[in-house]
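Asker: Give me the fold of what follows.
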Amino acid sequence: MEEPRVREEEADQEEDGEDQAGPEGALGKSALQLTAEDVYDISYVVGRELMALGSDPRVTQLQFKIVRVLEMLEALVSEGGLEAEALRLERDSLRQEVDLGPDKMVVDLTDPNRPRFTLQELKEVLQERNSLKAQLLLAQEELRCYQSGLIPPREGSGARREKAAVVPRPRGAEHGKGERTIMKKLFSFRLGKQT
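Answerer: All right, here's what the predicted structure looks like:
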C-alpha cells in the first residue's frame, strides 16, 4: 500500500513543478546549487538507509557522525546562500547606479580622490584665479618698468592709476577688505570654518 501513495506524492510534485526525483534528486545536484532544503532531503535519504541497516551499535555511532556532517553542510549552504544574496543585491545596486542618467553621478564618500566641489564652484575659482593672474602680470610688468627706469618714480603712481582705469577689475568698489575671495571661502569651508 505504501507504493501507490508514494507514486501519488511524486505525481503531485510533478504537477506542482517541483524536483521530479524527490529527495534523491538533491544527491544529484552540484555542491554550488545546494540549498538548505536539499540538505534536509539528503538527511532524509541517509536516515532512511541507516534505518534499513538496523540497530547495530556501529550504525548508531556512524549515525551521530553523519548527523554532525549534515549540520555542518547545512550551515555552509545557508552561509553561501546569504553571500549569494548579498552579491545579488550589490549587482542590482550597481545596475541602478549605471542607470542614473547623464546629469547624475555616484560618489564614494570613502574615496580620497572624490570630487569635493561643484562644477560651478570650480568655474568661479578658475575665473578668480585667472583675474588674479592677470593682475599679477600687470603688476610685474609695471615693476619691471620701474626697475628699468622707463617710468620715473614720480609718474609711477599716475601711470599706475591709468593702467588700473584701463584694466577693469573683476570686483567692484563695493567689495572692500572685509570681502573674502571665493577661494578663501571654499578652503575655509573645507577646513571646517563656516561663516
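Asker: Three-state assignment for Thr110, please.
Answerer: For Thr110, the secondary structure call by DSSP: H, G, I helix; E, B strand; the rest coil comes out as coil.
Asker: Any idea how many residues pack against Pro152?
Answerer: The local packing of Pro152 (other C-beta atoms under 10 Å) involves 9 other residues. The way it works is simple: take the backbone N, C-alpha and C, and place the C-beta from them, glycine included.
Asker: so after the top helix by length along the chain, what's the next helix or strand?
Answerer: With DSSP state H applied, the helix covering the greatest number of residues in the chain is identified as helix 57-98. Per DSSP states H and E, helix 57-98 leads on to helix 119-148 as the next helix or strand towards the C-terminus.
Asker: quick one, what contacts Pro23?
Answerer: 41-42, 44-45 (C-beta atoms under 8 Å, 6 or more residues apart in numbering).
Asker: so can I have a markdown table of those residues showing pLDDT, neighbour count and secondary structure?
Answerer: Formatted as a markdown table, the entries for the contacts of Pro23 read as follows, by pLDDT from 0 to 100; neighbours: other C-beta atoms under 10 Å; DSSP: H, G, I helix; E, B strand; the rest coil:
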| residue | pLDDT | neighbour count | secondary structure |
| --- | --- | --- | --- |
| Asp41 | 92 | 21 | helix |
| Ile42 | 91 | 20 | helix |
| Tyr44 | 91 | 14 | helix |
| Val45 | 91 | 16 | helix |
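Asker: Thank you kindly, that will do.
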